[in-house]
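[1] sequence and predicted structure are below.
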Amino acid sequence: MEDCHTAIQIKIINDRLEREANNSLREKQLTSVQMHVLMILLGEEGHALPLKEVERRLHVAQPTAAGVVVRLEQKGFLESKVSEKDRRVKLLRLTEAGRNQCRDCISHAQEAETMVREALTEEEYARLQELLDKIILSLGIIPQDGSCRDSGS
């Protein structure tokens, strides 16, 4: 049986960072996945984004993405409409409340990044980024336009 120690370590790190994010976001009645959707839309600078693209960037199935979107709409953080060009396409756009929520929550993402960076030297951190990128590509995961490092989250 192959050694799966590395995969377990990555899972432990992910779980801890997600737990920290969810604890920080709880007061805003958001989850880390909901915040991720808002940050994706924030990066679109006011342009509507198809739900299908949000699914792709979250790496989740349509029902999961749709459920997150419904909850964010109910909270008033985003709005959706059917595309005039293709009635099968649902377009998403941040509301002003959603933009404000993103601005308030950027510090949470920066805190998580700081936790990782403080454990490593600059050289180690740069190497970690290279290695993570290599693993992501080898798994066939298509990086988002504007990677996490470029968006400040």
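    That came through fine.

[2] what's the spacing between the lengthiest helix in the chain and its chain's center?
    With secondary structure taken from DSSP state H, the chain has its longest helix at helix 96-118. For helix 96-118, the gap between its own C-alpha mean and the chain's C-alpha mean amounts to 11 Å (C-alpha atoms, centre = their mean, to the nearest Å).

[3] mind listing what's buried along that helix?
    Neighbour-count burial for helix 96-118, counted by 16 or more other C-beta atoms under 10 Å, picks out Gly98, Arg99, Gln101, Cys102, Cys105, His108, Ala109, Ala112, Glu113. C-beta: built from backbone N, CA, C; applies to glycine.

[4] output the contacting helices and strands for the helix or strand that it is followed by.
    Reading on from helix 96-118 to the C-terminus, the next helix or strand found by DSSP states H and E is helix 122-138. With contacts defined as 3 or more C-beta pairs under 8 Å, 6 or more residues apart in numbering; DSSP states H and E, the packing partners of helix 122-138 are helix 96-118.

[5] tilt between the helix it packs on and helix 122-138?
    Between the direction of helix 96-118 and that of helix 122-138, the angle (axes from the mean of the first three to the mean of the last three C-alpha atoms, to 10 degrees) works out to 120 degrees.

[6] helix 96-118 - what's its average pLDDT?
    Helix 96-118 shows a mean pLDDT of 85 in the predicted model.

[7] which strands and helices sit next to that helix?
    Contacts of helix 96-118 with other secondary structure elements, assessed using 3+ C-beta pairs under 8 Å, 6+ apart, are made with helix 5-25, helix 32-42, helix 122-138.

[8] switch those over to JSON lines; also include mean pLDDT and distance to Asp86.
    Written out in JSON lines, the entries for the helices and strands packed on helix 96-118 read as follows (pLDDT from 0 to 100; distance: least, C-beta to C-beta, whole Å):
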{"stretch": "helix 5-25", "mean pLDDT": "87", "distance to Asp86": "33"}
{"stretch": "helix 32-42", "mean pLDDT": "91", "distance to Asp86": "19"}
{"stretch": "helix 122-138", "mean pLDDT": "92", "distance to Asp86": "30"}
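
[9] nearest to Val60, of the ones you listed?
    Val60 sits nearest to helix 32-42 of all the helices and strands packed on helix 96-118, at 8.0 Å, using C-beta to C-beta.
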